[in-house]
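Asks: Dropping the sequence and predicted coords here.
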Amino acid sequence: MVNSRNFCTFAPDFKDSGMENLIGRQLELAELQRALDSKRSEFVILYGRRRVGKTFLVRCFCNDTYSFHFVGAHKQPLQTQLTNFREALQRCNPDIDIPKLFNWHEAFRQLANYLEQSKEVRKVVFFDEMPWIDTQKSDFVSELEYFWSSWVQNRDDIVFIACGSATTWMKEKLEDNQGGLHNRITHRIYLRPFYLSECKQYLLSHGFSWDDYQILQFYMIFGGVPYYMSLLRPQLSLIENVDALIFRRGGELSDEFKELYNALFKKADKYIRIVQLLATKREGFTKTQISGETGYSGGGLTKILENLERCDFIVSYAQYGNKTKQTLYRLCDFYTLFYFSYVKDNRSKDEQYWLHHFQDRSVESWEGFTFEEVCLRHLPHIKRGLGISGMATEASSWRFVPGKNDTRKGAQVDLVISRADKMIHLCEMKFSATPYTIKKEYAERLIKRKQLFMEENNISRGVVLTFVTPYGLKEGLHTSLVHSSLSAKELFVAEG
């Protein structure tokens, strides 16, 4: 029987089932538990970036025990999907010969017949990779709507979990559904990539002896994607792991880029064109600039950008003082950033490429840009480090482009935190293997940039400089310019 005693709580122990301990995800587990404990039928959608651990979360929560479980097949036709569905039903009910299925109406009718015979108090139905099931002209969504409206909603014992990496499909076809599923979704669970603290917990629990600096370097290449961490080998150094996974012929991630985008998006070449463009400029591009560079425009471009952002590949930032126009789009997927920097055009066939090049000068520039992305991903941690977690804030970027006859130089601030108490943090994020030193020339640029920001935005006071670095600031002549300084230690603090 499937009931709450069979499922994980906040300190799961998978020794009996042979599954490893689940890291974090307490809020998501609590949401699943609420659905399970409900006295009505529930429709749960679980979405997030590919490889982020959606299936693993459900498997852990359910201890691999479901009333029915079906996984969509990638790029397979309708009849293959139906054959797989029939086989899944047959495994659940081996004593009954399930007839061949010719459409989804028959498939859902057979599922209803099977569930009606079940003696379980709560019947958990798990559809994994649901977007892949919805093949062209299959009528899958309309039949799912009918199945829910005509059968499930008249019961109080179904927990239906729909999972998928194609986040846009999940939102458009399920969450924003205007047909039979309108307002039927009862739980929406977004699974984000791990923060640094969760990566550290995972690595320590799997026998890695890396310090925070090494984990930070790992994050700058792979991000907080649990699947990528599962491929690491503790007996190898980080550099050796990078070579083994990415640069070695046949490495598990040597073809990851192509698989990643083609598995998520139809006409993946358009999506790749845009992320490749965004990889060329650290400060990002406006929608108008993207259109000018790619030739994509209108609703088509808007949809591509929305899809990429929902799948955690890009992020949009409002520009300070101009909240409705000139939004900047930046590439934020760490693996994609690394791919365009060191993998895409690499013709060396050097299977130890990273070992031979990780100390190159170009890597320093890449690390500086990527560390900024790490900090932006950990904005809640920065706010907590500044002691303003409970305060209303707005995060944005700011840039100044001088006019034709303006002799002033352009300026850019990648993170501006505006506080409800009228204080504004101009955040500088600098990557360094030692405490960061503010030199005279840089100090002068900081002063000019702050003055320019205040002039352009008609602000007379309350603007301060904040630094985020791996090891903090080194005391010197110019550190008095800085209002607050955070180190990577604050980025590693676990969520409270």
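Replies: Received the coordinates, thanks. Everything numeric in this text was worked out from a predicted model, so none of it was measured.

Asks: switch to C-alpha atoms for all contacts and neighbour counts from now on
Replies: Noted.

Asks: can you pull the buried residues of stretch 203-223?
Replies: Within stretch 203-223, the residues scored as buried using 16 or more other CA atoms under 10 Å are 203, 208, 210, 212, 215-223.

Asks: cool, and stretch 172-181?
Replies: So stretch 172-181, judged by 16+ other CA under 10 Å, has buried residues 173, 174, 175, 177, 180, 181.

Asks: what's the closest of these to residue 105?
Replies: Within those, proximity to residue 105 (CA to CA) peaks at residue 180, which comes in at 14.3 Å.

Asks: can I get the buried residues of stretch 172-181 in a markdown table with distance to residue 234, secondary structure and pLDDT?
Replies: Converted to a markdown table, the buried residues of stretch 172-181 look like this (distance: CA to CA, whole Å; DSSP: H, G, I helix; E, B strand; the rest coil; pLDDT from 0 to 100):
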| residue | distance to residue 234 | secondary structure | pLDDT |
| --- | --- | --- | --- |
| 173 | 41 | helix | 90 |
| 174 | 41 | helix | 91 |
| 175 | 41 | helix | 86 |
| 177 | 45 | coil | 81 |
| 180 | 49 | coil | 79 |
| 181 | 46 | coil | 84 |
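
Asks: Residue 388: how many residues sit nearby?
Replies: Under the neighbour criterion other CA atoms under 10 Å, residue 388 is assigned a count of 15.

Asks: try residue 313
Replies: Count around residue 313 with other CA under 10 Å applied: 20.

Asks: Now it: closest residue in space, sequence neighbours ignored.
Replies: residue 333 (4.7 Å; CA to CA, 6 or more residues apart in numbering).

Asks: What of residue 77?
Replies: residue 135 (6.5 Å).

Asks: ok, now which ones touch that neighbour?
Replies: 75, 76, 77, 78 (CA atoms under 8 Å, 6 or more residues apart in numbering).

Asks: Can you give me the domain assignment for the protein?
Replies: 4-190, 196-304+325-373, 378-491 (automatic domain parsing).

Asks: want to throw those into JSON lines with distance to residue 311?
Replies: Shown next, in JSON lines, are the domains of the chain (distance: least, CA to CA, whole Å):
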{"stretch": "domain 4-190", "distance to residue 311": "5"}
{"stretch": "domain 196-304+325-373", "distance to residue 311": "9"}
{"stretch": "domain 378-491", "distance to residue 311": "18"}
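
Asks: Point out where the stretch 101-250 of the chain drops to low pLDDT.
Replies: The model of the stretch 101-250 of the chain has no residue with pLDDT under 70.

Asks: And the strands in it, which stretches?
Replies: Counting by DSSP state E, counting those that start in this stretch, one finds strands in the stretch 101-250 of the chain at the ranges 123-128, 158-164, 187-190.

Asks: Would you convert the ones you listed into CSV that also reports mean neighbour count?
Replies: Converted to CSV, the strands of the stretch 101-250 of the chain look like this (neighbours: other CA atoms under 10 Å):
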stretch, mean neighbour count
strand 123-128, 22
strand 158-164, 23
strand 187-190, 16
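
Asks: of the contacts of residue 135, closest to residue 37?
Replies: Looking across the contacts of residue 135 and measuring by CA to CA, the closest to residue 37 is residue 78, at 34.8 Å.

Asks: Give me the neighbour count for that closest one.
Replies: Residues near residue 78, counting by other CA under 10 Å: 21.

Asks: ok, it - contacts?
Replies: Per CA under 8 Å, 6+ apart, neighbours of residue 78: 133, 135, 136, 138.

Asks: Tell me how far the third one lies from residue 266.
Replies: Just to be clear, that refers to residue 136. Residue 136 is 12 Å from residue 266, where distance means CA to CA, to the nearest Å.

Asks: Could you do residue 223 as well?
Replies: 24 Å.

Asks: And residue 342, by the same measure?
Replies: 26 Å.

Asks: between the two, who's got more neighbours?
Replies: More crowded of residue 342 and residue 266, by other CA under 10 Å: residue 342, with 15 against 10.

Asks: Return the alpha-carbon coordinates of stretch 34-42 using CSV.
Replies: What follows is stretch 34-42, C-alpha atoms only, in CSV (Å, rounded to 0.1, in the frame of the first residue of the first chain):
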residue,chain,number,x,y,z
ARG,A,34,1.2,17.8,1.4
ALA,A,35,-0.1,16.3,-1.8
LEU,A,36,0.1,12.8,-0.4
ASP,A,37,-1.6,13.7,2.9
SER,A,38,-4.4,15.5,1.2
LYS,A,39,-8.0,14.2,1.3
ARG,A,40,-8.6,15.0,-2.4
SER,A,41,-7.0,14.1,-5.7
GLU,A,42,-4.0,16.2,-6.5
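
Asks: mean confidence score for that stretch?
Replies: Across stretch 34-42, the average pLDDT comes to 96.

Asks: gap between it and the chain center?
Replies: Taking CA atoms, centre = their mean, to the nearest Å, one finds stretch 34-42 lying 27 Å from the centre of the chain it belongs to.

Asks: cool, stretch 226-242 as well?
Replies: For stretch 226-242, the distance to the chain centre is 20 Å (CA atoms, centre = their mean).

Asks: Report the buried residues of it.
Replies: Quick answer for stretch 226-242 (16+ other CA under 10 Å): 226, 228, 229, 232, 233, 238, 239, 240, 241, 242.

Asks: do stretch 407-425 as well
Replies: Buried, per 16+ other CA under 10 Å, within stretch 407-425: 411, 413, 414, 415, 416, 417, 418, 419, 424, 425.

Asks: Out of those residues, flag the one nearest to residue 198.
Replies: Once CA to CA is applied, the member of the buried residues of stretch 407-425 that ends up nearest residue 198 is residue 415, at 23.7 Å.

Asks: rewinding a little: what's the closest of the strands of the stretch 101-250 of the chain to residue 390?
Replies: strand 187-190 (22.6 Å).

Asks: Using PDB, write down the CA coordinates of the closest one.
Replies: Provided in PDB are the C-alpha atoms of strand 187-190 (Å, rounded to 0.1, in the frame of the first residue of the first chain):
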ATOM      1  CA  HIS A 187       1.000  21.900  -6.700                       C
ATOM      2  CA  ARG A 188       3.700  23.500  -8.800                       C
ATOM      3  CA  ILE A 189       7.300  22.500  -7.800                       C
ATOM      4  CA  TYR A 190      10.300  24.200  -9.500                       C
END
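
Asks: gap between the residue nearest to residue 194 when sequence neighbours are not counted and residue 260?
Replies: Residue nearest to residue 194 in three dimensions, not counting chain neighbours: residue 224, with 4.2 Å by CA to CA, 6+ apart. In this structure, residue 224 and residue 260 are 16 Å apart, going by CA to CA.

Asks: of the two, who's got more company?
Replies: Counted by other CA under 10 Å, residue 224 and residue 260 do not tie: residue 224 has more neighbours, with 26 against 15.

Asks: surely the more buried one meets residue 201?
Replies: No: the pair residue 224 / residue 201 is not scored as a contact, 11.7 Å apart, by CA atoms under 8 Å.

Asks: coming back round to it: quick check on the contacts of residue 78: which are buried?
Replies: Among those, those classed as buried by 16+ other CA under 10 Å are 133, 135, 138.

Asks: No more questions from me, cheers.
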